[in-house]
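Asker: okay, sequence plus prediction incoming.
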Amino acid sequence: MSTRELIDNIKQGDAQKSNNTFNSMMHDKLVTALDAHKQVVASKMYGATTDAPVAEEPAVEITPPEGETATDANV
């Protein structure tokens with residue numbers, strides 16, 4: 001159903017067709033909005049994102065200054 005059909009039905013004075021057209025248009029808009037919101041909620045619940053994965057930077061090896069040894073306590 002389109003807005004044009006709704007306007008035409010109103011101009012013709014056909015209340016029943018106007019009401020049906022309006023209800024159909026609102027139903028379509030509501031279903032579309034709910035579907036979009038379902039996708040947002042699902043992505044938040046299950047951690048899905050639309051972002052591209054971030055490439056990890058290579059690990060940088062830190063060498064201790066001469067004369068010192070690296071231990072877990074120093075890291």
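Answerer: Yep, that arrived.
Asker: buried residues in stretch 35-51?
Answerer: Under the neighbour-count criterion of 16 or more other Cβ atoms under 10 Å, stretch 35-51 has nothing buried. To be clear about C-beta, it is placed using only N, CA and C from the backbone, and glycine gets the same treatment.
Asker: what pLDDT, on average, does it get?
Answerer: Averaging pLDDT along stretch 35-51 gives 83.
Asker: CA atoms of that stretch as CSV?
Answerer: Presented in CSV, the C-alpha positions along stretch 35-51 are these (Å, rounded to 0.1, in the frame of the first residue of the first chain):
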residue,chain,number,x,y,z
ASP,A,35,13.0,-6.4,12.4
ALA,A,36,15.7,-3.7,12.5
HIS,A,37,15.6,-3.5,16.2
LYS,A,38,15.7,-7.3,16.6
GLN,A,39,19.0,-7.3,14.7
VAL,A,40,20.4,-4.6,17.0
VAL,A,41,19.4,-6.5,20.1
ALA,A,42,20.7,-9.8,18.8
SER,A,43,24.1,-8.3,17.9
LYS,A,44,24.3,-6.9,21.5
MET,A,45,23.3,-10.2,23.1
TYR,A,46,25.6,-12.4,21.1
GLY,A,47,28.5,-10.0,20.6
ALA,A,48,28.3,-9.8,16.9
THR,A,49,29.6,-6.6,15.4
THR,A,50,29.6,-5.0,12.0
ASP,A,51,33.1,-3.7,12.5
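Asker: residues making contact with it?
Answerer: The contact list for stretch 35-51 (Cβ atoms under 8 Å, 6 or more residues apart in numbering) is empty.
Asker: ok, and the closest non-adjacent residue to residue 22?
Answerer: Of all residues not flanking residue 22 in the chain, residue 6 sits nearest, at 5.9 Å (Cβ to Cβ, 6 or more residues apart in numbering).
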